[in-house]
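Participant: Need the 3D shape of this:
(one chain, ligands or ions: 2)
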Amino acid sequence: MSPPPKSGTDSPSIPFLKMEGISKQFALVKANDCANLDVNRGEIHALVGENGAGKSTLMRILYGLYRADSGRMYLDGDPVELRSPADAISLGIGMVHQHFMLVPPLSVTENVVLGSEPLRAGVVLDLKGAAERVKELSETFALAVDPDARVEELSVGAQQRVEIVKILFRGARLLILDEPTAVLTPQETESLFVILRRLKEQGKTIIFITHKLSEVMEISDSVTVMRHGKVVGDLKTAETNTEELATLMVGRKVLLEVEKGAPARGETVLELKDVHALGASKVPTLRGISLRVCSGEILGVAGVQGNGQTELVEVITGLRKPSSGSLRLLERDITGLSPREMLKLGVAHIPEDRLKRGLVPAFTVSENLILGSHFRPPFAGRLWLRREDIFENARSVLRRFDVRPQAPALPARSLSGGNQQKLIVGRELSRDPKLLVASQPTRGVDIGAIEFIHRNLIAQRDRGCAVLLVSADLSEILSLSDRIAVIYEGRIVGTVDSTQADEKKLGMMMMTGVLAKEDGNGAGES
Ligand SMILES: Nc1ncnc2c1ncn2[C@@H]1O[C@H](COP(=O)(O)OP(=O)(O)OP(=O)(O)O)[C@@H](O)[C@H]1O
Ligand SMILES: [Mg+2]
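Facilitator: Ligands and ions are numbered 1, 2, ... in the order given. You can find the predicted model right below:
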């Protein structure tokens, strides 16, 4: 290995970061296959690619979490050798992971100093000094974090800003953000972009992973596209467009629109009458919800996050007990039943938080695929679980839902984020449910998989399933739903036919809780 030419750090010909010929083999897949990445100083560099393309792996190598099997890295033209994140941090590289790593009961400052406790006079933990520094960083970069707040009380967006403060506190010059917007509302995403622009103005370099090509176009200066572990495109954002990026990512043209026929609406499958429930902090969150979902239709629930969507889904799936009101599934009163009973009656659930509710990360893929039905035939024998049937089931679901790699014995945690999501979607849809509750069903999946999941939700509808769809993505609600219910402060303030709705009208209803005047559909449920 010959040393690279060295020159002044400001030389435009030398990228700030250069990764060259990076390869990484896991047991079953080559996650990175001779990947090259050049990032210029002070730019926002987007990294895109299908689920499992190797983006997170490449970034974990850059952050010293994994060691590459081969390849070289240079920072400012100097070769670097990273044995651990501590090495990366000392070089000014910081990473915010796809799944946050904060300690909820601790304060913001305590979380920020964890692992890098500043000592005063050699012994005392200088929390006061740290809190001041947190405040200072928060002001410089418009992060709006309160050093004394408890992390568990913060919104997802605020927790993410704490993660950013944490890496700035350690002196990061290069910030890696792995799918930061996947968990954010559209409004929170806009605030994050304000912060990213501020960081860039102050000379920071940012690598930004996303599946949303509109975000790439809005925020990045350049973009690298990965496919099957390789880099297949390296472009200036100003010189490309979403179609070109989509085609590079997936290797074929992607239909960015959903095709669906008119719904064949049947009997009422789910009916809620005046349902009340308390939220996480014991305040009344659902305050008289009435709604109805019929077989053969998709009812979308639109609302600004925090208006009761999460609690609504929890009540319907048995995860939260209503304090009053009633729920019916077909002819049955299901008020207050447990999740397992709901499941037995044909209620499937794609949860919004895949690691908390959807998967057991340490279990294998095939075990995760029978979660919830492990106690029933054909998986449960008289005394033991039937291994061959479980494997056969896994192979079939993995094939049908294109989960990669197709390896039933792999622990779920070693799947890429988007493939974990596809695994859950596959499990829930293959139950042939009567009612499907889909909460943020395409969070973190690539555009090819979004197209695929959308088609499958419509196929469920056409099979006669009643689908309740909750999504923070208004365009997803508009393109999939047959009717749209707007939720505001724990009530359904109006239901509109999706052919009569548009983003502007819905947005107004979501913000004000008032149904647009000219609409004859009436508030509440018809
Ligand atoms: N620790 C691990 N053990 C085994 N395989 C792994 C491990 N980490 C990643 N992989 C595999 O390497 C491949 C690349 O995964 P990676 O997480 O880098 O993808 P990604 O591009 O970030 O995808 P996504 O968009 O879904 O987050 C996947 O096939 C994944 O299953
Ligand atoms: Mg990833």
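
Participant: wait, doesn't residue 440 sit right on residue 354?
Facilitator: No - with contact defined as C-beta atoms under 8 Å, residue 440 and residue 354 do not form a contacting pair (9.2 Å). In this view, the C-beta of every residue, glycine as well, is placed from N, C-alpha and C.

Participant: So what's the residue count around residue 250?
Facilitator: Each residue near residue 250 was counted by other C-beta atoms under 10 Å, and the total is 18.

Participant: residues touching the residue lying closest to residue 309 once chain neighbours are set aside, list them.
Facilitator: Spatial nearest neighbour of residue 309, excluding adjacent residues (C-beta to C-beta, 6 or more residues apart in numbering): residue 470 at 5.0 Å. Residue 470 sits next to 300, 301, 309, 312, 313, 352, 437, 438, 439, 440 when contact means C-beta atoms under 8 Å, 6 or more residues apart in numbering.

Participant: and the second one, helix, strand or coil?
Facilitator: Secondary structure for residue 301, judged by DSSP: H, G, I helix; E, B strand; the rest coil, is strand.

Participant: looking at the protein, which helix or strand does the model trust least?
Facilitator: Among the helices and strands of the chain, strand 119-120 carries the lowest confidence by mean pLDDT, DSSP states H and E, at a mean of 52.

Participant: which residues does the residue in the stretch 151-300 of the chain positioned nearest to ligand 2 bridge with?
Facilitator: Residue nearest to ligand 2 within the stretch 151-300 of the chain (C-beta to the ion): residue 178, separated by 5.9 Å. With DSSP bridges as the criterion, residue 178 is bridged to residue 209.

Participant: List the contacts of it.
Facilitator: Residue 178 touches 55, 56, 59, 95, 96, 97, 98, 209, counting by C-beta under 8 Å, 6+ apart.

Participant: From those, which shows the smallest pLDDT?
Facilitator: Least confident entry in the contacts of residue 178, by pLDDT: residue 98, with 72.

Participant: circling back to that earlier point, from the contacts of residue 178, which land in helices?
Facilitator: If you go by DSSP state H, those have 55, 56, 59 in helices.

Participant: Look up how far residue 232 lies from the nearest residue to the last one once chain neighbours are set aside.
Facilitator: Spelled out, that is residue 59. Spatially, and ignoring its direct neighbours in sequence, residue 59 is nearest to residue 176 (5.0 Å; C-beta to C-beta, 6+ apart). Plainly put, residue 176 is 20 Å away from residue 232 if you go by C-beta to C-beta, to the nearest Å.

Participant: Settle it for me: which of these two has more neighbours?
Facilitator: residue 176 (26 against 15).

Participant: The more buried one touches residue 58, doesn't it?
Facilitator: No - Residue 176 sits out of contact with residue 58 when judged by C-beta under 8 Å, with a separation of 9.7 Å.

Participant: Low-confidence ranges, this structure, go.
Facilitator: Along the chain, the model assigns pLDDT under 70 to residues 1-12, 116-125, 255-256, 373-385, 516-526.

Participant: how does it divide into domains?
Facilitator: Here the domain assignment for the chain is 99-171, 269-496, based on automatic domain parsing.

Participant: Between its first and last residues, how far does the longest one reach?
Facilitator: Across its full length, domain 269-496 reaches 19 Å end to end, with C-alpha to C-alpha, to the nearest Å as the criterion.

Participant: Check whether that domain comes near ligand 1.
Facilitator: Yes - applying C-beta under 6 Å from any ligand atom, one finds domain 269-496 in contact with ligand 1 at 404, 405, 414, 415, 416, 417, 418, 419.

Participant: Assign the residue nearest to residue 99 when sequence neighbours are not counted to helix, strand or coil.
Facilitator: Distances taken as C-beta to C-beta, 6+ apart put residue 355 closest to residue 99, at 6.1 Å, once the chain neighbours are dropped. Look at residue 355: counting by three-state DSSP, its state is helix.
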